[in-house]
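# what shape does this take:
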Amino acid sequence: MPSPEPSAGMPPCVLEDMPPPPAGMPLIVDFENVTKTYDAGTPRAFTSITDINFKVEDRPKIGEFVGVLGPSGCGKSTVLRLIAGLAPHFPQTMGKVFVNEQPVQGPGPDRGFVFQDYSNFPNRTVIDNVAFGLECAHVEEKERKAKAMEWIQKVGLDAKRDGLKYPHQLSGGMNQRVAIARTLIMQPKIILMDEPFGALDPTTRQSMQDLLVSLWRELEATVFFVTHDIAEAVYLSDRMYIFSPSPGTIRHQLKITPADRPARQMQAERSFQESVLAVRDILEKLELEKAALAAKGSPK
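Below is the predicted model of the structure:
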């Protein structure tokens, strides 16, 4: 998250345990000893995550960006879907998941989800895609279309030129902008993003990173962002959770020295590149650990 210049001498990437939340500060997401096993009690049983513990404070008018990294299949997406209350990942097999200090019962309008594959409705125009959540909330047609036009502009599209187009008439980057607008128009307190820029080319990806930061600042929400792109995670994150190989558990929590300029400029900075290398070193060690376990015939 771009913010003021770090203090002189501050290391580019600090590996440390996150301090406990200040006394009395409410939590927006809280995982307590959470394990998820699919098809439990059957020969197909598979444990995706085990003993996940973390607490993210509610920071009104500020928010926080939480990056989530780890080897493929380590349960990163499972964590997001447990927060969202989406089956079959939800409910957890063991432990407790709280949102706004209440047990998660299922999906809710306080949480918005942006997927990698856009998930736009092919038979709806851009305006109707963006306004879908408001329609479900029974917002009057004139109001919801006006808000949709506003959010289409906010995500960098032209409401008049693009608003009546259908998803098949849009590029990948444009489709993802529509998906982001459809999610953020509901002004969720928690934004869950599962590799939303994974299918985009590098230039478009950097533009989307900058767009996301600007929109996040406006909404002041808490964002959980799953990605395999280390540079993307370092640029966006305030804190970062790095998962072990499957069954995933949080192996490292990184406090990232904030970026202070747009993605294209920041990613050319030496301190930024050092941060990326530090995180890459952690991930490479985890991959070696995964390979060693596989060679010994241990369960992954």
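# roughly how far does Phe272 sit from Thr203?
Counting by C-beta to C-beta, to the nearest Å, the gap from Phe272 to Thr203 is 18 Å. Glycine gets a C-beta too; all of them are placed from N, C-alpha and C.
# of these two, which one has the most company?
Using other C-beta atoms under 10 Å as the criterion, Phe272 and Thr203 rank with Phe272 on top: 23 against 10.
# in the chain, which spans are helices?
With DSSP state H as the criterion, the chain has helices at 76-84, 126-130, 132-136, 141-154, 159-162, 172-184, 202-219, 230-236, 263-266, 270-295.
# for the closest residue to Arg177 other than its chain neighbours, give its distance to Thr93.
Leaving aside its sequence neighbours, Arg177 sits nearest to Val155 (C-beta to C-beta, 6 or more residues apart in numbering; 4.1 Å). Val155 sits 37 Å away from Thr93, going by C-beta to C-beta.
# what about the two, which has more around it?
Neighbour count, other C-beta under 10 Å: between Val155 and Thr93, Val155 has more, with 22 against 15.
# Pro22: neighbour count?
7.
# OK, contacts around the closest residue to it other than its chain neighbours?
Excluding the flanking residues, the one nearest Pro22 by C-beta to C-beta, 6+ apart is Glu57, at 7.5 Å. With contact set as C-beta atoms under 8 Å, 6 or more residues apart in numbering, Glu57 has these partners: 21-22, 25-28, 64.
# OK, contacts around His168?
Pro122.
# where does the stretch 201-300 of the chain dip in pLDDT?
By pLDDT under 70, the low-scoring segments of the stretch 201-300 of the chain are 258-259, 297-300.
# ok so, going back, in strands, which of the contacts of Glu57 fall?
27-28, 64 (DSSP state E).
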